[in-house]
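Visitor: I'll drop the sequence and a predicted model, then ask my questions.
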Protein chains: 2
Amino acid sequence: MKSERVPLAQSSIAAAFVLGGLVLLVSLAAHAQTDPLPSWNDGAAKKAIATFVQQTTTQGSPQFVPPAERVATFDQDGTLWVEHPIYSQVVYCLDRVPALVKAKPELASVEPFKTVMTGNREAIAKLPMKDLEKILAATLTGMSVEEFRSEVATWLAEAKDPRWKRPYTDLTYQPMQEVLKYLRDNGYKTYIVTGGGQDFVRVYAEATYGVPPEQVVGTAGGTKFGYAKDGKPFLTKEPKLLLNDDKAGKPEGIHLMIGRRPYAAFGNSNGDREMLEYTKAGDGARLAMILLHDDAKREYAYGPAKGLPNSKVGTFTQSLYDEAMRQGWIVISMKDDWKRIFAFEQ
Amino acid sequence: MKSERVPLAQSSIAAAFVLGGLVLLVSLAAHAQTDPLPSWNDGAAKKAIATFVQQTTTQGSPQFVPPAERVATFDQDGTLWVEHPIYSQVVYCLDRVPALVKAKPELASVEPFKTVMTGNREAIAKLPMKDLEKILAATLTGMSVEEFRSEVATWLAEAKDPRWKRPYTDLTYQPMQEVLKYLRDNGYKTYIVTGGGQDFVRVYAEATYGVPPEQVVGTAGGTKFGYAKDGKPFLTKEPKLLLNDDKAGKPEGIHLMIGRRPYAAFGNSNGDREMLEYTKAGDGARLAMILLHDDAKREYAYGPAKGLPNSKVGTFTQSLYDEAMRQGWIVISMKDDWKRIFAFEQ
């Protein structure tokens, strides 16, 4: 009996070891498969997202939110994709000027179109806001909504960001794409709430972020209903501002277009302050997150919060940072919290 | 052999008869169970709805519409619920005047509030539009969005339509409820697109029609973001019109709030003309339906199309009727197409 026992015990131990190893491997594989945020480093930011989802979607949790009420809002420029050195939509408007001048040659000798046509970047960058507004109005209004959609789609297919030499729609942040998907997989409706043009963002939001046109809230102008010569009705984009979807305009736009207070909101600048305040002021578990661009090497670094360089595009002041700390918003450090920035980095 | 054949043949026939009967019964039962529009009489209107759904949702159909693009829009007053003798929202505003005067006693001696406080229906009905607008502004703006929601909810729970002695939310048309559900069951997003107040309709649309707040497009005023004394942010309803969601404002509102052209649209008056034109002008199968109130006995009869009595509320002119015929819109006759009007009729 003794001589048999030892091998048996040994083989049991061996079997247990093999099984244990298998269990460990299977469990690791399951974990790797199911980590919904693989581009996030472990830390407070990643944990806050996971905790929020668990609290609000677990039946019986005191913070449970019924599926119909699960709304999450995301700023776009600087939160979902690159906004430096300048918003992509402004590049679009400047790029459209030659076609505009071709269609209306009288503009060639009129400012600010004359300066834009020189291609002198330094001179263009110095154009006063009033001139920039003229360019926006001329390139974003006056055409049918279908013409506009087609012009934007053509530009998106051809234009490339000068630093990464890639289409602008490649410059979305992979960690935020994971958050969008993770929230949708848990019954959240994900909305974009952007200071950018609603019609502009709608052209690519579905393909780029999985966000359909009806879930894009942005700065919106009026349209005018009319009839073509053949009697077909169409809508023309008018130079009449209906919603300036920035700062206080963000919660106002959320009320207008969604009619529910978000449970989670994501931003990156002082333009998102009121949206984050409004979100966090609701009952139950509310998640407010704000992205700090502190990674000059992999993307850009700007604030001026935390001593980062000042920036007119995507300003994130120290007072906003202090409010975030006070109100329990989670600051995401691009440098520390994100394993990678873009999907194309491997 | 012969003596056996006859009974065999007979029993086969009998078996076939029984089986056939069973098949027939099962098929009738299945039909009864699955008729998605049981309150509709068989006819062109019912058939048009079924054909549209089949064409746009059958994989491989030349008119197939991908689920994400399935949008159907419904006018509310007179299309989904009773609008006569006057829009329910106007009744709400008049009913709110006593509470308003109680809060601001100085209004008691000021017109038009003075007249409303007399309760003299005839005098109230004669108030000019300018006075009615004063009452709407005073009862629909100036409070927080939460206060407004709560005031409307309280009224809805208490107020009763004088003819049917039932809450207004009982006065929805059962056949249209079936269309809403039938379209949703086939992957359509159903939107309300109403000249009524967006915030007003949102209070009950989810419980009453299964239409969530973010799918209610209506006449919308601006809100103003601000802070309470305790620092909590809130939105105040402002007397500033952003969207007059009637006539040309309906396709304009659809573009603003949805960003997609509907595949199906339902209306009942000249206020819906542009929405129906815009819908029908799209490619592929598009369904435009317009309800004619020609049932004085079970509901109301008004036009003046088809020689029906004229009406300021829900005007349906002969020229609109002629356009419907010309453009291939389907006119629904309340009298002929609907087996019953309300769910509470049995």
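Guide: Structure's in. What do you need?

Visitor: contacting residues around stretch A:83-99?
Guide: Judged by CB atoms under 8 Å, 6 or more residues apart in numbering or on different chains, the contacts made with stretch A:83-99 from elsewhere in the structure are A:77-78, A:81-82, A:113, A:116-117, A:124, A:132, A:135-136, A:138-140, A:151-152, A:155, A:159, A:161, A:168, A:196-197, A:200, A:293, A:299-300, A:302, A:311, A:313-314. From N, CA and C alone the C-beta is placed, and that goes for glycine too.

Visitor: quick one: buried ones out of the residues you listed?
Guide: The neighbour count (16 or more other CB atoms under 10 Å in any protein chain shown) marks A:77-78, A:81-82, A:113, A:116-117, A:124, A:132, A:135-136, A:138-140, A:151-152, A:155, A:161, A:168, A:196-197, A:200, A:293, A:299-300, A:302, A:311, A:314 as buried among the contacts of stretch A:83-99.

Visitor: mind checking which of the residues you listed are in helices?
Guide: Residues from the buried ones among the contacts of stretch A:83-99 lying in helices, with DSSP state H as the criterion: A:113, A:116-117, A:124, A:132, A:135-136, A:138-140, A:151-152, A:155, A:200.

Visitor: switch those residues over to a markdown table; also include pLDDT.
Guide: Written out in a markdown table, the entries for these read as follows (pLDDT from 0 to 100):
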| residue | pLDDT |
| --- | --- |
| A:F113 | 97 |
| A:V116 | 96 |
| A:M117 | 96 |
| A:I124 | 92 |
| A:L132 | 92 |
| A:I135 | 96 |
| A:L136 | 95 |
| A:A138 | 95 |
| A:T139 | 96 |
| A:L140 | 97 |
| A:E151 | 98 |
| A:V152 | 98 |
| A:W155 | 98 |
| A:F200 | 98 |
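
Visitor: grab the nearest non-local neighbour of A:W338.
Guide: Counting by CB to CB, 6 or more residues apart in numbering or on different chains, A:P175 is the residue found nearest to A:W338 once chain neighbours are left out, at 4.8 Å.

Visitor: gap between the one you found and A:D337?
Guide: As judged by CB to CB, to the nearest Å, A:P175 and A:D337 stand 7 Å apart.

Visitor: what do these two both touch?
Guide: What both A:P175 and A:D337 touch, as defined by CB under 8 Å, 6+ apart, is the set A:W40.

Visitor: rewinding a little: between which two of the ones in helices among the buried ones among the contacts of stretch A:83-99 is the distance greatest?
Guide: Comparing all pairs in these by CB to CB, the longest separation belongs to A:M117 and A:F200, at 22.3 Å.

Visitor: how about the residues of the stretch 151-300 of chain A by chain B?
Guide: Taking CB under 8 Å from any CB of the partner chain as the criterion, the neighbours of chain B within the stretch 151-300 of chain A are A:189, A:198-199, A:202, A:206, A:212-214, A:216, A:220, A:222-225, A:232-235, A:242-243, A:248, A:251-252, A:255-260, A:274, A:277-278, A:281.

Visitor: which among those count as buried?
Guide: With neighbours counted by 16+ other CB under 10 Å, those contain buried members at A:189, A:198-199, A:202, A:212-214, A:216, A:220, A:222-223, A:225, A:233-235, A:242-243, A:248, A:251-252, A:255-260, A:274, A:277-278, A:281.

Visitor: would you map the strands across the stretch 101-250 of chain A?
Guide: With DSSP state E, counting those that start in this stretch, the ranges of strands along the stretch 101-250 of chain A come out as A:189-197, A:216-227, A:233-243.

Visitor: for the shortest one, name the packing helices and strands.
Guide: Right, the one you point to is strand A:189-197. With contacts defined as 3 or more CB pairs under 8 Å, 6 or more residues apart in numbering or on different chains; DSSP states H and E, the secondary structure elements packing on strand A:189-197 are strand A:71-74, helix A:174-185, helix A:198-209, strand A:216-227, helix A:249-257.

Visitor: now tabulate those in TSV and tack on distance to B:A324.
Guide: Converted to TSV, those look like this (distance: least, CB to CB, whole Å):
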stretch	distance to B:A324
strand A:71-74	38
helix A:174-185	40
helix A:198-209	31
strand A:216-227	17
helix A:249-257	31
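
Visitor: ok, what's across the strand from the closest residue to A:M257 other than its chain neighbours?
Guide: Computed as CB to CB, 6+ apart, the closest residue to A:M257 that is not its neighbour in sequence is A:V217, at 4.4 Å. On the basis of DSSP bridges, A:V217 is bridged to A:V193.

Visitor: what's the average pLDDT for stretch A:267-285?
Guide: Across stretch A:267-285, pLDDT averages out at 98.

Visitor: in that stretch, what's buried?
Guide: Neighbour-count burial for stretch A:267-285, with 16+ other CB under 10 Å as criterion, is recorded at A:267-281, A:285.

Visitor: ok, stretch A:318-326 next?
Guide: For stretch A:318-326, the buried set under the neighbour-count rule, 16+ other CB under 10 Å, comprises A:L320, A:Y321, A:E323, A:A324.

Visitor: also stretch A:118-131?
Guide: Taking 16+ other CB under 10 Å as the basis for neighbour counts, the residues of stretch A:118-131 that come out buried are A:I124, A:L127, A:D131.

Visitor: ok, the residue nearest to A:A68 when sequence neighbours are not counted - contacts?
Guide: Ranked by CB to CB, 6+ apart and with sequence neighbours excluded, the top spatial neighbour of A:A68 is B:P212, at 5.9 Å. When contacts are counted by CB under 8 Å, 6+ apart, B:P212 is found next to A:A68, B:A205, B:E206.

Visitor: list just the nearest of those residues to A:E106.
Guide: Comparing the contacts of B:P212 against A:E106 with CB to CB picks out B:A205 as the nearest, at 49.9 Å.

Visitor: just checking, the closest one touches B:I192?
Guide: Yes. B:A205 is within contact range of B:I192, at 5.9 Å (criterion: CB atoms under 8 Å).

Visitor: now for the two: what residues contact both?
Guide: Common neighbours of B:A205 and B:I192 (criterion: CB under 8 Å, 6+ apart): B:V211, B:Q215, B:V216.

Visitor: in CSV: these, plus pLDDT.
Guide: As requested, the shared contacts of B:A205 and B:I192 are exported to CSV (pLDDT from 0 to 100):
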residue, pLDDT
B:V211, 98
B:Q215, 98
B:V216, 98
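
Visitor: restrict these to those near chain A?
Guide: Of the residues in the shared contacts of B:A205 and B:I192, proximity to chain A by CB under 8 Å from any CB holds for B:V216.

Visitor: looks like A:D170 contacts A:F342 (just checking).
Guide: Yes. Contact between A:D170 and A:F342 holds when scored by CB under 8 Å: they sit 6.9 Å apart.

Visitor: those two: which is more packed in?
Guide: A:F342 (21 against 16; other CB atoms under 10 Å in any protein chain shown).

Visitor: quick one: the more buried one and chain B, what's the gap?
Guide: When distance is defined by CB to the nearest CB, to the nearest Å, A:F342 is 26 Å away from chain B.

Visitor: tell me the phi and psi of that residue?
Guide: Backbone dihedrals for A:F342, given as degrees, to the nearest 10, come out at phi -120, psi 150.

Visitor: so who does it touch?
Guide: Residues in contact with A:F342, defined by CB under 8 Å, 6+ apart, are A:W164, A:D170, A:L171, A:T172, A:Y173, A:Q174.

Visitor: now, of the residues you listed, which are buried?
Guide: Using 16+ other CB under 10 Å as the burial test, these include A:D170, A:L171, A:T172, A:Y173, A:Q174 as buried.

Visitor: out of those residues, which is nearest to A:S333?
Guide: A:Y173 (13.0 Å).

Visitor: my guess is that closest one contacts A:I341, does it?
Guide: Yes. Counting by CB under 8 Å, A:Y173 sits close enough to A:I341 to count as a contact (6.0 Å).
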